[in-house]
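Colleague: got a predicted model here, sequence first, then my questions.
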Amino acid sequence: MKAPRFAYARPASVAEALALLAQHKDEARVLAGGQSLVPMLNFRVAAPKVLVDINRIAGLSGNQGCEEPHPHRRAHAPRRA
Ligand SMILES: Cc1cc2nc3c(=O)[nH]c(=O)nc-3n(C[C@H](O)[C@H](O)[C@H](O)COP(=O)(O)OP(=O)(O)OC[C@H]3O[C@@H](n4cnc5c(N)ncnc54)[C@H](O)[C@@H]3O)c2cc1C
């Protein structure tokens, strides 16, 4: 199956991404790693008019160690192996 037609946006900042999501409301979906969303598009379970790709937004990837309230790691989405 092929994904339905959608407009693709690649914001360079969180503010730009939020503005796109506010502008397109329910017709927009965030694209992070695509591990769930791309199969949903292909099976036409999801059919957003706009995909907002957050993969190029600085500060939204990687992970960091945190000590509070206990030692743990915080993963930012999208997470690249
Ligand atoms: C081979 C395979 C094995 C898996 N095994 C497991 C497993 O063992 N346990 C498990 O729990 N899961 C498992 N998963 C599911 C996997 O965890 C999810 O597919 C993955 O977490 C989705 O993350 P993503 O970044 O790819 O999101 P995407 O597919 O890009 O997005 C998923 C949904 O979240 C929304 N979204 C994504 N990022 C944001 C954001 N920053 N803000 C708002 N909305 C957002 C998207 O719009 C979409 O609706 C597996 C998936 C695959 C393909």
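Modeller: Yes, it's here.
Colleague: ok, the residue of the chain found nearest the ligand to E67 distance?
Modeller: Residue nearest to the ligand within the chain: G33 (2.8 Å; Cβ to the nearest ligand atom). C-betas here are computed from N, CA, C, even on glycine. Relative to E67, G33 is positioned 27 Å away (Cβ to Cβ, to the nearest Å).
Colleague: tally of neighbours for the residue of the chain closest to the ligand?
Modeller: For G33, the tally of surrounding residues (other Cβ atoms under 10 Å) stands at 15.
Colleague: and if you look at I57?
Modeller: With neighbours defined by other Cβ under 10 Å, the count for I57 comes to 19.
Colleague: show me what contacts it?
Modeller: Contact analysis of I57 by Cβ atoms under 8 Å, 6 or more residues apart in numbering lists 11-14, 17.
Colleague: just how off-centre is whichever helix in the chain runs longest within its chain?
Modeller: In terms of residue count, the longest helix belonging to the chain (DSSP state H) is helix 14-24. Centroid displacement of helix 14-24 relative to its chain, using Cα atoms, centre = their mean, to the nearest Å, is 12 Å.
Colleague: what does that helix rub up against?
Modeller: Helix 14-24 is contacted by residues 9, 11, 28, 30, 49-50, 52, 54, 57, 59-60 when judged by Cβ under 8 Å, 6+ apart.
Colleague: from the residues you listed, which land in strands?
Modeller: 9, 28, 30, 50, 52 (DSSP state E).
Colleague: which of these lies closest to P71?
Modeller: Ranked by distance to P71 (Cβ to Cβ), those are led by V30 at 29.3 Å.
Colleague: now the closest one. Nearest residue, chain neighbours left out?
Modeller: Take V30 and drop its neighbours on the chain: the residue closest to it by Cβ to Cβ, 6 or more residues apart in numbering is V52, 5.3 Å away.
Colleague: and L37, by the same measure?
Modeller: L31 (5.9 Å).
Colleague: residues in contact with that neighbour?
Modeller: 37, 51-55.
Colleague: adding neighbour count, write those residues out as CSV.
Modeller: Below are those laid out as CSV (neighbours: other Cβ atoms under 10 Å):
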residue, neighbour count
L37, 18
L51, 23
V52, 24
D53, 16
I54, 22
N55, 14
